[in-house]
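Asks: Provide a 3D model corresponding to the input given below.
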Amino acid sequence: QVQLVESGGGLVQAGGSLRLSCAASGSFFSIIAMGWYRQAPGKQRELVATSTSGGGTYSPDSVEARFAISRDNAKNTVYLQMNSLKPEDTAVYYCFANVNWGPQLPASRYWGQGTQVTVSS
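Replies: Model (predicted):
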């Protein structure tokens, strides 16, 4: 099994910053990618940022200029630095990891429990 433990959510005023962390643990072979989704009340879960083991990153245009994803492969930890936060960034943020259990085996995705981010106006 894989455990993803998130931290760093909370309440912040508009224009403020937060840093989320997500640490993965388990007896997996490797982590192919880690990242973040978010889900606001009444809305679908949406991708916020991804980071691959090779160093590639991606964020949608809606957050790319304000959010930055980084990763510590040695610690199996991914971070999301969120700056210039807006009320519309309010959501539960979920960490994910695409984990490989062995060479030539398909990857599996695992999710964290979610951490609430609330941005007040």
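
Asks: over to the residue lying farthest from the centre of the chain: give its phi and psi.
Replies: Most distant residue from the mean C-alpha position of the chain: Gln104, 25.6 Å away (C-alpha atoms, centre = their mean). Gln104 adopts backbone torsions of phi 60, psi 20, taken as degrees, to the nearest 10.

Asks: equivalent analysis for Gly16, please.
Replies: Dihedral angles (degrees, to the nearest 10) for Gly16: phi -80, psi -170.

Asks: ditto for Glu64
Replies: phi -60, psi -40.

Asks: where along the chain do the helices fall?
Replies: Secondary structure of the chain, counting by DSSP state H: helices at 61-64.

Asks: show me where it has strands.
Replies: Taking DSSP state E as the test, the strands found in the chain are 2-7, 10-13, 18-26, 30-39, 46-52, 57-58, 67-72, 77-82, 91-100, 107-111, 115-120.

Asks: rounded mean pLDDT for the last one, please.
Replies: In this case it means strand 115-120. Taken as a whole, strand 115-120 has a mean pLDDT of 98.

Asks: export the strands of the chain to TSV and append columns for mean neighbour count.
Replies: (C-beta placed from N, C-alpha, C; glycine too.) Listed next are the strands of the chain as TSV, based on neighbours: other C-beta atoms under 10 Å:
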stretch	mean neighbour count
strand 2-7	17
strand 10-13	13
strand 18-26	19
strand 30-39	20
strand 46-52	19
strand 57-58	14
strand 67-72	17
strand 77-82	22
strand 91-100	21
strand 107-111	14
strand 115-120	17
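
Asks: need the residues that contact stretch 110-117.
Replies: 2, 4-10, 12, 18, 20, 22, 24, 38-39, 82, 85, 89-97, 99 (C-beta atoms under 8 Å, 6 or more residues apart in numbering).

Asks: now do 7 Å
Replies: 2, 4-9, 18, 20, 22, 89-97, 99 (C-beta atoms under 7 Å, 6 or more residues apart in numbering).
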